[in-house]
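Visitor: below is the sequence, then the predicted model.
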There are 2 protein chains.
Amino acid sequence: VAAGGSQPWRVAILGVGLIGGSLGLALRARAAASRVVGVGRSEAALRRALELGAVDEVATDLARGVAGADVVVLAAPVRACIALLPAVAAAVGPGAVITDVASTKAAIVAAAPAGAAFVGGHPMAGSERTGVEAASARLFEDATWVVTPTATTPAWALERVLAMAAAAGARPVVMDAGTHDRRVAAVSHLPQAVAVALAAAVPAEALPLAARGFRDTTRLAASSPAVWNDIFATNRDNVVAAIAACEDRLAELRAAIAAGDEAAVEALFARAAAATGGAAAEGRGRAPAAGGG
Amino acid sequence: VAAGGSQPWRVAILGVGLIGGSLGLALRARAAASRVVGVGRSEAALRRALELGAVDEVATDLARGVAGADVVVLAAPVRACIALLPAVAAAVGPGAVITDVASTKAAIVAAAPAGAAFVGGHPMAGSERTGVEAASARLFEDATWVVTPTATTPAWALERVLAMAAAAGARPVVMDAGTHDRRVAAVSHLPQAVAVALAAAVPAEALPLAARGFRDTTRLAASSPAVWNDIFATNRDNVVAAIAACEDRLAELRAAIAAGDEAAVEALFARAAAATGGAAAEGRGRAPAAGGG
């Protein structure tokens, strides 16, 4: 079996949308793959991925697409990836590692067939656009790419997934799947829930007065509910707990405002500013913003 | 008494920060003011406004600063404006209109001394930066500028404030102060409260995984608590009601996720997307965003 770091690999990507397509572009741009095969059901989407240079070849047949692959990347929505896993595990050779790029990790890690060299992954990158048309070879640059091995993950399999994430331009970070899911519930799934609740709470007649603050805070609300039902279904307890924690903070702020307790308002703002300052420092240098309403 | 539209006016701006400074720059750039006087307590800030071309002259003495003004613009935080109103009303001549640019309107409209030609105003423009250094002659371009006359507002005073807002590049909109305050509670004050509650709800160890969605949704959380205590204190009932409505939507979404009721999740997303689509259409062409987490 080949060592994790021995590039270039033959890579099969199942689902060539924004993330799958960007991964193909990044690996090809950095010569980290000897061959990138795009696998999917839509011939039109596969043809477009080929035209854009995201893949070297395409296949609509799963077994043919993953044959000979060193790395198989599941780049479909979470529950579709979970459904695909048994067939993929049965089709790949013994030296292949299977990984994914989905937003939740514990469910898919638990669903991996015993004996399959599966390592979960989640690149913390995205775009307001979707589909291979929006793919970019630079999407993963400076992004964190969480990789979630278990106690039984073969070392070579973990190493190859870490090396692929690095080859795509990301910063690979190893984390337990459960820890990942708790943390993304707070910083990714909760903001989605909050954006939806906020947008749904605003009466239509107030919208003509909406300015940049409203648009930024609710930007995520236009996201696909199908994608999010997948995420919520596979991270239910963590998401429910995160939303409840936010409801508590909102109730606390509401009570402070109702009571005219300006010190309590200031304390909540200070706590919030500490979190946004920390996130900004971890981010790509985007400054946090002030400004009245 | 001069007609509302007879430019150029002599304009005194009390508080030459982001909004006051931008107003000075805009009126001077469009030759809508014969003279812009910056009035404030900080000589350093006034000198900087002069250097940047936001004002023609400066004064630290209120009576001297507003003498001869056709328009006096209060551009300080809401409660400071309310505190200044009696002295300003006593200092201006009978042909002067007093207006303001604060984020809430009912409290300051109610505080205007009887007999003063006061017309409330609120340009729906801002920036993530503060102070005259961030001021721009184009800040108000395409922005809505709400103007809130009462039944006793003289027509010439209303006309002059509307003309000044238009001269600054904004779209003036006449609205009842109470209606304004209810609507901005929903589209401006609620997003601020939500950004703070969300940021305060996130555990520190999750922040390294924060990406663009978290940063956009919590961008407002870094805003000044002093400015916001002013806003909350002068729009308390509306803000409390808006936060409570958002808590209800969050609880509804949380219950749907907990129950695995994907149709209910989709219905809330659809309701939210309608609101963000509407706000985007009212905004300056920024597209709403999709993308998973």
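Guide: Yes, it's here.
Visitor: going by C-alpha atoms from here, please, whenever you check contacts or count neighbours.
Guide: OK.
Visitor: closest residue of the stretch 101-250 of chain A to chain B?
Guide: When scored by C-alpha to the nearest C-alpha, the stretch 101-250 of chain A has residue A:223 as its residue closest to chain B, at 3.7 Å.
Visitor: next one: phi and psi at that residue?
Guide: Backbone geometry at residue A:223, expressed as degrees, to the nearest 10, gives phi -70, psi 160.
Visitor: can you count the residues close to it?
Guide: 25 (other C-alpha atoms under 10 Å in any protein chain shown).
Visitor: give me the pLDDT for the most centrally placed residue in chain A.
Guide: Closest to where the C-alpha atoms of chain A average out (C-alpha atoms, centre = their mean) is residue A:103, at 4.1 Å. Residue A:103 is assigned a pLDDT of 95 by the prediction.
Visitor: and the strands in chain A?
Guide: Assigned strands in chain A, in chain order: A:9-14, A:33-39, A:57-59, A:71-74, A:97-100, A:118-123, A:144-148, A:171-174 (criterion: DSSP state E).
Visitor: can I get the ones you listed in a markdown table including mean neighbour count, distance to residue A:83 and mean pLDDT?
Guide: Output for the strands of chain A, formatted as a markdown table (neighbours: other C-alpha atoms under 10 Å in any protein chain shown; distance: least, C-alpha to C-alpha, whole Å; pLDDT from 0 to 100):
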| stretch | mean neighbour count | distance to residue A:83 | mean pLDDT |
| --- | --- | --- | --- |
| strand A:9-14 | 26 | 12 | 97 |
| strand A:33-39 | 24 | 15 | 97 |
| strand A:57-59 | 20 | 19 | 98 |
| strand A:71-74 | 27 | 11 | 98 |
| strand A:97-100 | 27 | 13 | 98 |
| strand A:118-123 | 27 | 14 | 98 |
| strand A:144-148 | 25 | 19 | 97 |
| strand A:171-174 | 18 | 25 | 98 |
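Visitor: what residues does the stretch 1-150 of chain A put near chain B?
Guide: By C-alpha under 8 Å from any C-alpha of the partner chain, the residues of the stretch 1-150 of chain A that approach chain B are A:103, A:124, A:125, A:126, A:127, A:128, A:129, A:130, A:144.
Visitor: just checking, the fourth one touches residue A:138?
Guide: It stands for residue A:126. No: taking contacts as C-alpha atoms under 8 Å, residue A:126 lies outside contact range of residue A:138: 11.0 Å.
Visitor: okay, those two: which has more neighbours?
Guide: More neighbours surround residue A:126 than the other of residue A:126 and residue A:138, with 22 against 16 (other C-alpha under 10 Å).
Visitor: torsion angles phi and psi at that one?
Guide: For residue A:126, the backbone dihedrals (degrees, to the nearest 10) come out as phi -170, psi -170.
Visitor: and what of the one 4 residues further on?
Guide: For residue A:130, the backbone dihedrals (degrees, to the nearest 10) come out as phi -130, psi 170.
Visitor: surely it touches residue A:21?
Guide: No: contact criterion C-alpha under 8 Å: residue A:130 and residue A:21 do not qualify, at 10.3 Å.
Visitor: compare the two (neighbour count), which wins?
Guide: More crowded of residue A:130 and residue A:21, by other C-alpha under 10 Å: residue A:21, with 29 against 17.
Visitor: could you measure from that one over to chain B?
Guide: Distance of residue A:21 to chain B, given as C-alpha to the nearest C-alpha, to the nearest Å: 14 Å.
Visitor: contacts only, for that residue.
Guide: Under the criterion of C-alpha atoms under 8 Å, 6 or more residues apart in numbering or on different chains, the contact list for residue A:21 reads A:49, A:54, A:55, A:131, A:132, A:135, A:136.
Visitor: what comes up buried for stretch A:154-164?
Guide: Under the neighbour-count criterion of 16 or more other C-alpha atoms under 10 Å in any protein chain shown, stretch A:154-164 has A:156, A:157, A:158, A:159, A:160, A:161, A:162, A:163, A:164 buried.
Visitor: where do the helices of the stretch 1-150 of chain A begin and end?
Guide: For the stretch 1-150 of chain A, the helices defined by DSSP state H, counting those that start in this stretch cover A:18-29, A:43-51, A:62-66, A:78-91, A:106-111.
Visitor: most tightly packed of the ones you listed?
Guide: Highest mean neighbour count among the helices of the stretch 1-150 of chain A (mean count of other C-alpha atoms under 10 Å in any protein chain shown): helix A:18-29, with a mean of 26.
Visitor: angle of that helix against helix A:43-51?
Guide: For helix A:18-29 against helix A:43-51, the angle by axes from the mean of the first three to the mean of the last three C-alpha atoms, to 10 degrees is 30 degrees.
Visitor: and helix A:18-29 with strand A:9-14, angle?
Guide: Counting by the same axes, to 10 degrees, helix A:18-29 lies at 160 degrees to strand A:9-14.
Visitor: quick one, phi psi at residue A:150?
Guide: phi -120, psi -180.
Visitor: what's near enough to touch it?
Guide: Taking C-alpha under 8 Å, 6+ apart, we find residue A:150 in contact with A:119, A:176.
Visitor: quick one: it from residue A:122, how far?
Guide: Distance of residue A:150 to residue A:122, given as C-alpha to C-alpha, to the nearest Å: 15 Å.
Visitor: pull the longest helix from chain A.
Guide: In chain A, assigned by DSSP state H, the helix with the most residues is helix A:236-259.
Visitor: name the helices or strands packed onto that one?
Guide: Secondary structure elements in contact with helix A:236-259, counted by 3 or more C-alpha pairs under 8 Å, 6 or more residues apart in numbering or on different chains; DSSP states H and E, are helix A:177-184, helix A:190-201, helix A:262-282, helix B:190-201, helix B:236-259.
Visitor: least confident of the ones you listed, on average?
Guide: Per-stretch mean pLDDT for these is lowest at helix A:262-282 (a mean of 84).
Visitor: got the angle for that helix vs helix A:236-259?
Guide: 140 degrees.
Visitor: which residues are contacting helix A:262-282?
Guide: For helix A:262-282, the external contacting residues (C-alpha under 8 Å, 6+ apart) are A:253, A:256-257, A:286-288, B:196-200, B:202, B:204, B:207-208, B:210-211, B:215, B:218-219, B:221-222, B:225-226, B:229.
Visitor: using PDB, list the CA coordinates for that helix.
Guide: The C-alpha trace of helix A:262-282 is given here as PDB (Å, rounded to 0.1, in the frame of the first residue of the first chain):
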ATOM      1  CA  GLU A 262     -27.300  49.500  30.300                       C
ATOM      2  CA  ALA A 263     -24.500  47.900  32.200                       C
ATOM      3  CA  ALA A 264     -26.000  44.400  31.300                       C
ATOM      4  CA  VAL A 265     -26.300  45.500  27.700                       C
ATOM      5  CA  GLU A 266     -22.700  46.600  27.700                       C
ATOM      6  CA  ALA A 267     -21.600  43.300  29.300                       C
ATOM      7  CA  LEU A 268     -23.300  41.300  26.500                       C
ATOM      8  CA  PHE A 269     -21.800  43.500  23.800                       C
ATOM      9  CA  ALA A 270     -18.300  43.000  25.400                       C
ATOM     10  CA  ARG A 271     -18.800  39.200  25.400                       C
ATOM     11  CA  ALA A 272     -19.900  39.300  21.800                       C
ATOM     12  CA  ALA A 273     -17.100  41.600  20.700                       C
ATOM     13  CA  ALA A 274     -14.600  39.200  22.200                       C
ATOM     14  CA  ALA A 275     -16.000  36.300  20.100                       C
ATOM     15  CA  THR A 276     -16.100  38.300  16.900                       C
ATOM     16  CA  GLY A 277     -12.600  39.600  17.500                       C
ATOM     17  CA  GLY A 278     -11.400  36.100  18.000                       C
ATOM     18  CA  ALA A 279     -13.100  34.800  14.900                       C
ATOM     19  CA  ALA A 280     -11.800  37.700  12.800                       C
ATOM     20  CA  ALA A 281      -8.300  37.000  14.000                       C
ATOM     21  CA  GLU A 282      -8.800  33.400  12.900                       C
END
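Visitor: could you tell me the angle between that helix and helix B:190-201?
Guide: For helix A:262-282 against helix B:190-201, the angle by the same axes, to 10 degrees is 70 degrees.
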